[in-house]
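**Student:** Sharing a sequence plus its predicted fold:
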Amino acid sequence: MNRSTIFSTQNLDVAAAIETVTKQNCLIEFGSGGPAVFCFKRTPEVLQVVIEFESGLACNARNLLATRSSLFKRLKGGR
């Protein structure tokens, strides 16, 4: 992916919020010994979720927790 067309974060909670709201699955990149990076296609919707997350995103807490748990499991299985 071209770096200008992706949004990336190392924050599990931000990644979970993006997946929960946009239903867009992320690509998880694992560096050599560094933290994992969650990559999403950069869209206005993704950027809006990030802004809302920083100012108190309102979304279904159960769905958010389930998505966060799923991402965490993917992290643990990815190394």
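**Tutor:** Good, I have the coordinates. Residues are numbered from 1 along each chain as shown.
**Student:** quick one, phi psi at residue 42?
**Tutor:** phi -70, psi 110 (degrees, to the nearest 10).
**Student:** which ones are touching it?
**Tutor:** Applying CB atoms under 8 Å, 6 or more residues apart in numbering, we find residue 42 in contact with 4, 5, 6, 7. No exception for glycine: its C-beta is placed from N, CA and C like everyone else's.
**Student:** and the third one, how many neighbours does it have?
**Tutor:** Per other CB atoms under 10 Å, the neighbour tally for residue 6 reads 16.
**Student:** circling back: now, of the contacts of residue 42, which are buried?
**Tutor:** 6, 7 (16 or more other CB atoms under 10 Å).
**Student:** Just name the lowest-scoring one in the contacts of residue 42, pLDDT-wise.
**Tutor:** Note: of the contacts of residue 42, the lowest pLDDT belongs to residue 4, at 80.
**Student:** Please report how far it lies from residue 74.
**Tutor:** 25 Å (CB to CB, to the nearest Å).
**Student:** List the neighbouring strands of the helix or strand hosting residue 40 plus their orientation.
**Tutor:** Using DSSP states H and E, residue 40 maps to strand 37-41. Strands that pair with strand 37-41, judged by DSSP bridges, come out as strand 6-9 (antiparallel), strand 27-29 (antiparallel).
**Student:** Quick one: closest of those strands to residue 44.
**Tutor:** strand 6-9 (10.8 Å; CB to CB).
**Student:** Relative to residue 64, which of the strands paired with strand 37-41 is closest?
**Tutor:** Across these, closest to residue 64 is strand 6-9 (CB to CB), at 15.2 Å.
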